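> Following is a predicted model, sequence given first.
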Amino acid sequence: MIVMLVQVKVKAECIEAFKQASLENARQSSQEPGIARFDLVQQIDDPTRFLLYEVYRNAEGTVKHKETAHYQKWREAVAGLMAEPRLGVKYCNLFPDDLHWK
């Protein structure tokens, strides 16, 4: 399992547009066979900050995700909404093991 945490800071006037584009991407991403979990969360004390919590079944899932039409549409839609470049960090899952996510 590969866990990707993507931190995003959006412009204050773009919060709703970012949420709409990101929710659509999350809905479609969660249907991909290579993705075990895909969450979008918003920081409570700073609503301009978001975190995408993505759990992939394997490295191939991360590659296939970036090839999908919905990801490419999302990437283009949110590029101008961000206050700073997004930061993605990959982690390997230690616990729970793969069986928990099936």
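That came through fine. Numbers count the residues shown, from 1 in each chain.
> what's near enough to touch Leu40?
Lys19, Ser22, Leu23, Ala26, Phe50, Leu51, Leu52, Tyr53 (CB atoms under 8 Å, 6 or more residues apart in numbering). Every C-beta, even on glycine, is put in place using the N, C-alpha and C of the backbone.
> sec struct for it, please.
strand (DSSP: H, G, I helix; E, B strand; the rest coil).
> try Gly80
Assigned with three-state DSSP, Gly80 falls in the helix class.
> residues contacting it?
For Gly80, the contacting residues are Cys14, by CB under 8 Å, 6+ apart.
> Then the one 3 residues further on?
Contacts of Ala83 were listed using CB under 8 Å, 6+ apart, and they are Lys9, Val10, Lys11, Thr48.
> Quick one, which of the residues you listed are buried?
Taking 16 or more other CB atoms under 10 Å as the criterion, what is buried in the contacts of Ala83 is Lys9, Val10, Thr48.
> got any ranges where this structure has weak pLDDT?
Applying pLDDT under 70 to the chain picks out residues 97-102.
> Break down this protein into its helices, ranges please.
For the chain, applying DSSP state H gives helices covering 15-29, 59-67, 69-78, 98-101.
> Show me what the longest one is packed against.
Here helix 15-29 touches strand 35-42, strand 49-56, helix 69-78, going by 3 or more CB pairs under 8 Å, 6 or more residues apart in numbering; DSSP states H and E.
> circling back to that earlier point, state the pair within the contacts of Ala83 that is farthest apart.
Distance extremes for the contacts of Ala83: the farthest pair is Lys9 and Lys11 at 8.5 Å, using CB to CB.
> Dump the C-alpha coordinates for stretch 48-67 into CSV.
Extracted as CSV, the C-alpha positions of stretch 48-67 are listed here (Å, rounded to 0.1, in the frame of the first residue of the first chain):
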residue,chain,number,x,y,z
THR,A,48,-8.1,27.6,2.7
ARG,A,49,-6.1,24.5,3.5
PHE,A,50,-7.0,21.1,2.3
LEU,A,51,-5.5,17.6,2.5
LEU,A,52,-6.0,14.8,0.0
TYR,A,53,-5.5,11.4,1.6
GLU,A,54,-5.0,8.8,-1.1
VAL,A,55,-4.3,5.2,-0.4
TYR,A,56,-3.2,3.1,-3.4
ARG,A,57,-3.0,-0.7,-3.6
ASN,A,58,0.4,-0.5,-5.3
ALA,A,59,2.8,1.7,-7.3
GLU,A,60,0.9,1.0,-10.5
GLY,A,61,-2.2,2.5,-9.0
THR,A,62,-0.5,5.8,-8.5
VAL,A,63,0.6,5.9,-12.2
LYS,A,64,-2.8,4.8,-13.5
HIS,A,65,-4.5,7.5,-11.4
LYS,A,66,-2.5,10.3,-13.1
GLU,A,67,-3.5,8.9,-16.5
